[in-house]
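Engineer: The sequence isn't on hand, but the structure is:
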């Protein structure tokens, strides 16, 4: 068992107020697909490590709770790629066997926008806790979206279709909206939705059928004979809790109290762990309000324009703090400060 993966799973469970299993069992999930040449995947079925949690999201200023059924550990499979060559599909097995935490939510989401907001919240938590770098384009975080429609007077959910391995927030929204339209067209024509697994083609902006959706009994789950049950003690859980990094909401509250920021500024600065860390390094030597204004405004504008992260830019906390100090003491005007910021963006030079 990968001990660090166990700790990561526990920390995620604690972050969503979930229960942590005292004993968790690994199973073999049997299926035949090109990305799994050995024919089975080590996963969890009856006793997942995390269960019965919830996550609060804000949709257009309205708070909504999304139930999280479970989060279980499993090994990642390979990656089937269908767009590398014109007439062939290929398999990338580099990530096979890497620990994966699969998060399963309740059917509480009602729109593509809610799904994106929920995913962004998950992304924020896992990056804050250093569970993953969350890079969706590289496969560090992926989404399977289950979509079903029901009529307003219906008592039961409609048949769902699962869209596999969507790798960006933008594509999640587009894939779900396309699938809604596809299912609506079928239902309004008197047809029936088939339970199946589909893929999203971002180039054509469409979903296509991959295979008929399997049910749990199709996978013939049974306890993995190579792995004994894993016992998790209260002491282990308490240790993880005491060593966890500050969560986004906790950091936002502290920023408001410690640096006297308003709700908006603290939320923007804490949206990404990297930005929050940068801000705290900067304000050790300069005015917190002015620093917040320039990070949220001018610096973020440069990052977005050049499609770069702070880590990949030449801006450092030391040269940025020096710039803020000169703005604060009136040595330079805002206009000159913008020119200097452009210069250190290009050169990485210190501010003198």
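Structural biologist: Received the coordinates, thanks. Computed from a predicted structure; not experimentally measured.
Engineer: Spell out for me which residue occupies the centre of the protein.
Structural biologist: residue 123 (2.5 Å; C-alpha atoms, centre = their mean).
Engineer: Could you tell me how far the nearest residue to that one once chain neighbours are set aside is located from residue 315?
Structural biologist: Spatially, and ignoring its direct neighbours in sequence, residue 123 is nearest to residue 134 (4.8 Å; C-beta to C-beta, 6 or more residues apart in numbering). (C-beta placed from N, C-alpha, C; glycine too.) Computed with C-beta to C-beta, to the nearest Å, the distance linking residue 134 and residue 315 is 21 Å.
Engineer: so where do the helices sit in the stretch 1-150 of the chain?
Structural biologist: Remark: helices assigned in the stretch 1-150 of the chain by DSSP state H, counting those that start in this stretch are 3-15, 112-128.
Engineer: so which of the ones you listed comes closest to residue 61?
Structural biologist: Residue 61 lies closest, by C-beta to C-beta, to one member of those: helix 112-128, at 11.5 Å.
Engineer: just to revisit the earlier point, which of residue 134 and residue 315 has more residues huddled nearby?
Structural biologist: Each of residue 134 and residue 315 has its neighbours counted (other C-beta atoms under 10 Å); residue 315 has more, 21 against 18.
Engineer: what's near enough to touch that one?
Structural biologist: Going by C-beta atoms under 8 Å, 6 or more residues apart in numbering, residue 315 touches 299, 302, 344, 345, 348.
Engineer: Just give the closest residue to the third one, not the sequence neighbours.
Structural biologist: Beyond its immediate neighbours in the sequence, the residue positioned closest to residue 344 (C-beta to C-beta, 6+ apart) is residue 319, lying 5.1 Å away.
Engineer: C-terminal to the helix or strand harbouring that neighbour, what's the next element?
Structural biologist: In the assignment (DSSP states H and E), residue 319 maps to helix 317-328. Remark: after helix 317-328, the chain's next helix or strand is helix 334-347, criterion DSSP H and E.
Engineer: Mind giving me the packing neighbours of that following helix?
Structural biologist: On a contact count with 3 or more C-beta pairs under 8 Å, 6 or more residues apart in numbering; DSSP states H and E, helix 334-347 meets helix 300-306, helix 317-328.
Engineer: buried ones in the last one?
Structural biologist: Along helix 317-328, the positions that meet the burial threshold by neighbour count (16 or more other C-beta atoms under 10 Å) are 317, 319, 320, 321, 322, 323, 324, 325, 326, 327.
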